[in-house]
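>>> Just need the structure, nothing else, for what follows:
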Amino acid sequence: MKNDIVITGMGAVTPLGVGVDTYWNNMIAGKSGIRYISRFDASSLPVTFAGEVPDFQPEEFMTKKQVKEMELFMQFGYAAADEALRDAGLIEDENGNLPIARERIGIVLGTVFSGISEIADVQDKISTGAGSKVGPRFITRIIGNIAAAEIAISRSLRGPSITVSTACSSGIDAISTGIMLIEQDMADAVICVGAEAATTPLTIQGLSSIHALSRRNDAPAEASRPFDLNRDGFVMAEGGGAVIIEKKESALRRDARIRCNVAGYANSTDGYHVTSPHPEGIAAIFCMEQAVRTAGMKLTDVDYINAHGTSTPKGDIIEIGAIKTLFGDHARKLAVSSTKSSTGHLMGAGGVTETIACVKALEEGILPPTINQTTPDPECDLDVVPNEARKANIRTAMCNAFGFGGQNASLLLTKAE
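Predicted coordinates:
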């Protein structure tokens, strides 16, 4: 890449807990964030479990007025951004000034479903007669860009603001778009956020109808099992993730902690089908290869891949096949784990929270595990770091995110010196 770009801050709101440390520590301990749905009665639905965020108290991150203004997905993104900004030291001094000009701080937010929970709830009340009015905050609680707007308004930020929605690639595409803003000198730092809260009867029934979700209702914590022979679909989850990407010269000038280097990125589309990935993974292969190429690196430089790995019967095989085709003999030396085994599928937030897992793996020298591995699938025969975290001194990590419509995104990170 033509500019040195680094990550200086991170924030996470996940089914494994709130805060990056809680998220990471529970992940490497092999815990699952999947449990029975508590927000509404799901007993009549084909799937009764999901990855809900536990113990989230929005008042810890925002005012009561903001809580009323923001739909849940916005609250998750806002809380994650708040942690990331504090982690990066992008907070006001005693004179109310930020260390970077407000016009030079951008925001890019990725989300798949935006305010669908609010839409479903309001429509249900109107249809059943439980309610008859649509409140004045309804519109601004459902449109995706308001999540980024709330972050900007609270800190009087005036840089570029973009909201992307590229299915399950939205989170990584948010980071990639932020990189482009910095490369074009439109910002010195960008808050890259993923946010999702789409667990509703409507979405569960919709995804169940296309046989996308696991139906392991008798054992929720064991339902997300990427690469295992007995996997039967992904698990819906919710949350928020945020990373602060910044020009390296800016980070050094203000003596910020550099957590890792952003080395390369790519996006591609299958041009094949609205829900099924290309059976040969041709665009996924191109996407991973392009990310390595933009970094000016070799395929053999990659040590670890945080796979998209959703736990669907076809998708996992296709991704592993794409990795083997692209990396050849080196694929056998790679670690390829899926943290969705612990968190479920956070949709638009997933690419960012999984990027955070990659950063922590580089920092701590620990590979996050793919839990729930009981019967290895012979077609997913790479090192998936089964069941237990493992120490490994890695220097380069790739994060993949593939979504409906044939969306593909890959991000390449390297260890900070």
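
>>> how about stretch 123-140 as CSV, C-alpha atoms only?
Extracted in CSV, the C-alpha atoms of stretch 123-140 (Å, rounded to 0.1, in the frame of the first residue of the first chain):
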residue,chain,number,x,y,z
GLN,A,123,-44.9,-3.5,12.4
ASP,A,124,-45.9,-6.4,14.7
LYS,A,125,-47.5,-4.0,17.2
ILE,A,126,-49.5,-2.3,14.5
SER,A,127,-50.5,-5.6,12.9
THR,A,128,-51.6,-7.1,16.2
GLY,A,129,-53.3,-4.0,17.6
ALA,A,130,-50.8,-3.7,20.4
GLY,A,131,-49.9,-0.2,19.1
SER,A,132,-51.3,2.2,16.5
LYS,A,133,-48.7,4.9,16.2
VAL,A,134,-45.2,5.2,14.7
GLY,A,135,-43.0,7.4,16.9
PRO,A,136,-41.0,10.4,15.8
ARG,A,137,-37.7,8.6,16.3
PHE,A,138,-38.7,5.6,14.2
ILE,A,139,-37.0,6.7,10.9
THR,A,140,-33.8,7.7,12.5
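
>>> so where does residue 65 fall, helix or strand?
Taking DSSP states H and E as the definition, one finds residue 65 inside helix 64-69.

>>> Run the chain-centre distance for the very next helix or strand once past that helix.
Using DSSP H and E, the helix or strand that follows helix 64-69 in sequence is helix 72-88. Per Cα atoms, centre = their mean, to the nearest Å, the displacement of helix 72-88 from the mean C-alpha position of its chain is 13 Å.

>>> Likewise for stretch 49-57?
Using Cα atoms, centre = their mean, the offset of stretch 49-57 from its chain centre is 16 Å.

>>> related to what we said a few turns ago, pLDDT (mean, whole number) over the helix holding residue 65?
Per-residue pLDDT over helix 64-69 has a mean of 95.

>>> Scan the helices and strands of the protein for the one with the lowest mean pLDDT.
Counting by mean pLDDT, DSSP states H and E, the chain has its least confident helix or strand at helix 116-128, which shows a mean of 91.

>>> Buried residues of it, list them for me.
Across helix 116-128, burial judged by 16 or more other Cβ atoms under 10 Å covers 116, 117, 118, 119, 120, 121, 122. For every residue, glycine as well, the C-beta is placed using N, CA and C.

>>> and residue 127, what does it touch?
If you count contacts by Cβ atoms under 8 Å, 6 or more residues apart in numbering, residue 127 has none.

>>> quick one on the thing from earlier: let's see the helix holding residue 65 as CSV, backbone CA atoms only.
In CSV, the C-alpha atoms belonging to helix 64-69 read as follows (Å, rounded to 0.1, in the frame of the first residue of the first chain):
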residue,chain,number,x,y,z
LYS,A,64,-30.3,8.4,28.5
LYS,A,65,-31.3,10.6,25.6
GLN,A,66,-29.0,8.8,23.3
VAL,A,67,-30.3,5.4,24.5
LYS,A,68,-33.8,6.5,23.4
GLU,A,69,-32.5,7.8,20.1
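
>>> Now that we're looking at the residue nearest the centre of the chain, what pLDDT does it have?
For the chain, the residue sitting closest to the mean C-alpha position, by Cα atoms, centre = their mean, is residue 350 at 2.1 Å. What the model reports for residue 350 is a pLDDT of 97.

>>> Just say helix, strand or coil for it.
helix (DSSP: H, G, I helix; E, B strand; the rest coil).

>>> Correct me if wrong: it contacts residue 402.
No. Between residue 350 and residue 402 there is no contact under Cβ atoms under 8 Å: 10.6 Å.

>>> so how far is residue 127 from residue 202?
Separation of residue 202 from residue 127 (Cβ to Cβ, to the nearest Å): 12 Å.

>>> Over to residue 342?
Taking Cβ to Cβ, one finds residue 342 at 37 Å from residue 127.

>>> what does residue 388 give?
From residue 388 across to residue 127, the span is 48 Å (Cβ to Cβ).

>>> Residue 235 too?
28 Å.

>>> repeat for residue 90
Noted for residue 90: a distance of 44 Å to residue 127, by Cβ to Cβ.

>>> And residue 4, by the same measure?
Residue 4 is 54 Å from residue 127, by Cβ to Cβ.

>>> Please apply the same query to residue 26.
39 Å.

>>> go on, residue 159?
The value you get for residue 159 to residue 127, if Cβ to Cβ is used, is 41 Å.

>>> try residue 208
Distance, residue 208 to residue 127, using Cβ to Cβ: 21 Å.

>>> about what we covered before: which residue sits closest to the residue nearest to the centre of the chain, ignoring its sequence neighbours?
Spatial nearest neighbour of residue 350, excluding adjacent residues (Cβ to Cβ, 6 or more residues apart in numbering): residue 171 at 5.6 Å.

>>> got any ranges where the stretch 1-150 of the chain has weak pLDDT?
Low-confidence segments of the stretch 1-150 of the chain (pLDDT under 70): 1-3.

>>> And the helices in it, which stretches?
20-28, 64-69, 72-88, 116-128, 138-142, 145-155 (DSSP state H, counting those that start in this stretch).

>>> going on from the helix or strand hosting residue 179, what's the next piece of helix or strand?
Using DSSP H and E, the element containing residue 179 is helix 170-183. Heading C-terminal from helix 170-183, the first helix or strand you meet, by DSSP H and E, is strand 189-196.

>>> Show me what that following strand is packed up against.
Helices and strands touching strand 189-196, as assessed by 3 or more Cβ pairs under 8 Å, 6 or more residues apart in numbering; DSSP states H and E, comprise helix 72-88, strand 105-110, helix 145-155, helix 170-183, strand 239-247, helix 350-364.
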